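Student: Can you look at this prediction? I've put the sequence above it.
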Amino acid sequence: MTTAAGPAGRTGRSTPVVESTSLVGSYVSLTFDDGPHPVHTPHLLTVLREHGVTAVFCLSGSQALAHPEIVRAIVADGHLLGNHGMDHDDMGDWPDDRIQADLERTTAAIRAAAPGVPIPFFRAPYGRWGRTPEVAGRLGMRALGWRLSVADWEPPGTDELVRRLASGVTPGAVVLLHDGGGDRSGTVAAVDRLIPHLTARGWHFTTPARRL
């Protein structure tokens, strides 16, 4: 589970962490952490497909190994991938070599399910960045932060999630949500309601830029 410790977790880093899209105006990016989940991720993929929205899935290596068919389904639907660490460990105080080993194991786990798939992003578990942006950059991944987190891991219920999302979204924001790590049925239902709500207000959905 990723917590809302984003700003505190980034203290002391020198490498920029992406928190917004590269587009100006009413654009927003949806990102999902901690999957793939055998129940909630397929439901979420159905919702995104029905609404024609492409998102970023930041995958746990252990979950990718457990559910390779869902990794392939994510890729088949055209979504982008992020490396979210092998076992969701806090890497905030890890040295470079330990971080690199974990990220390489995670990438290998994802590509065991989908050989050769691009993995343009890395997101630090708990938002504890430490040296991870630098190491991820050397491995060809861009550190992906977020501008809006609505604490869907609690979970607060679908109505409250929709309210938090609709009231908190800002132009260009990267939004942090979860498809794994617990019961994410409320998140899936909230996304299903949020997309048409924002679309009716003139918002568009995109993905973060892959390169610095």
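Tutor: Yes, it's here.

Student: What about residue 75, how many residues nearby?
Tutor: A count of nearby residues for residue 75, using other CB atoms under 10 Å, gives 17. For glycine as for every other residue, the C-beta is placed from the backbone atoms N, C-alpha and C.

Student: model confidence over whatever helix or strand it lives in, on average?
Tutor: In this assignment (DSSP states H and E), residue 75 forms part of helix 68-76. Taken as a whole, helix 68-76 carries a mean pLDDT of 98.

Student: That one - contacts with which helices or strands?
Tutor: helix 40-51, strand 56-59, helix 96-113 (3 or more CB pairs under 8 Å, 6 or more residues apart in numbering; DSSP states H and E).

Student: And the strands in this structure?
Tutor: In the chain, the strands defined using DSSP state E lie at 27-35, 56-59, 80-83, 121-122, 142-143, 148-149, 174-178, 204-205.

Student: Indicate which one of these is closest to residue 167.
Tutor: strand 148-149 (10.0 Å; CB to CB).

Student: partners of that closest one, with directions?
Tutor: strand 174-178 (parallel) (DSSP bridges).

Student: report the angle between the axes of the partner strand and helix 40-51?
Tutor: Interaxial angle, strand 174-178 versus helix 40-51 (axes from the mean of the first three to the mean of the last three CA atoms, to 10 degrees): 140 degrees.

Student: let's number from 867 now, not from 1
Tutor: Got it, first residue is 867 now, which makes that one strand 1040-1044.

Student: between strand 1040-1044 and strand 893-901, how big is the angle?
Tutor: Relative orientation of strand 1040-1044 versus strand 893-901 (the same axes, to 10 degrees): 30 degrees.

Student: picking up where we left off before, closest to residue 995 out of the strands of the chain?
Tutor: strand 1008-1009 (6.9 Å).

Student: can you give me the mean pLDDT across the closest one?
Tutor: On average, the pLDDT along strand 1008-1009 is 97.

Student: so what secondary structure elements neighbour it?
Tutor: Using 3+ CB pairs under 8 Å, 6+ apart: strand 1008-1009 touches strand 987-988, helix 998-1004.

Student: Export those as CSV, with columns for mean neighbour count.
Tutor: Formatted as CSV, the helices and strands packed on strand 1008-1009 follow (neighbours: other CB atoms under 10 Å):
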stretch, mean neighbour count
strand 987-988, 25
helix 998-1004, 21
